[in-house]
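Engineer: Provided below for reference: sequence and predicted model.
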Amino acid sequence: QVQLVESGGGAVQAGDSLRLSCAASGRTFSCLTMGWFHQGPGKEREFVAGFTWSVGRTYYADSVLGRFTTSGDNAKNMVYLQMNNLKPEDTAVYYCACGAGITYVPRRANEYAYWGQGTQVTVSS
């Protein structure tokens, strides 16, 4: 089992920045891929960003490309999502996810095995 705990969400204004953190514990060695998703009210959970530990290559949704950056610290079992120039449409619950045993970055939520509880991000105009 893997436990993921997100933190760093909050209420900000458009143009502001936030840094989300995801602390992983348990069988973290199985999380070869890490992803970030968000889910707005009445919407499906959508891919935001992700990377594989082995290659370190990052992937982003078009809507956040150039504004968000994801990274990880393997020694600390931490994953981060730096969000700059936030927009009202970024308002959502943000989730950290572990892709157990996979070495690519899926954009479909059902390919991730473990999830955090989410952290709310609210961006006002």
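Structural biologist: Cool, the structure landed.

Engineer: secondary structure class of Thr70, three-state.
Structural biologist: strand (DSSP: H, G, I helix; E, B strand; the rest coil).

Engineer: buried residues in the helix or strand containing Gln120?
Structural biologist: Element membership of Gln120, judged by DSSP states H and E, is strand 119-124. By 16 or more other C-beta atoms under 10 Å, the buried positions in strand 119-124 come out as Thr119, Val121, Val123. To be clear about C-beta, it is placed using only N, CA and C from the backbone, and glycine gets the same treatment.

Engineer: for the last one, which non-adjacent residue is closest in space?
Structural biologist: When the adjacent residues along the chain are set aside, Val123 lies closest to Leu86, with 4.6 Å between them (C-beta to C-beta, 6 or more residues apart in numbering).

Engineer: over to the one you found: give its phi and psi.
Structural biologist: The phi/psi pair for Leu86 (degrees, to the nearest 10) reads phi -60, psi 150.

Engineer: I figured it was touching Ala14, is that so?
Structural biologist: Yes. Proximity of Leu86 to Ala14 meets the contact threshold set by C-beta atoms under 8 Å, at 6.3 Å.

Engineer: shared neighbours, those two?
Structural biologist: Val123 (C-beta atoms under 8 Å, 6 or more residues apart in numbering).

Engineer: higher neighbour count, those two?
Structural biologist: Each of Leu86 and Ala14 has its neighbours counted (other C-beta atoms under 10 Å); Leu86 has more, 22 against 13.

Engineer: what does the pLDDT read for that one?
Structural biologist: Confidence at Leu86, expressed as pLDDT, is 98.

Engineer: check contacts around it.
Structural biologist: Leu86 neighbours (C-beta under 8 Å, 6+ apart): Val12, Ala14, Gly15, Asp16, Ser17, Leu18, Arg67, Val121, Val123.
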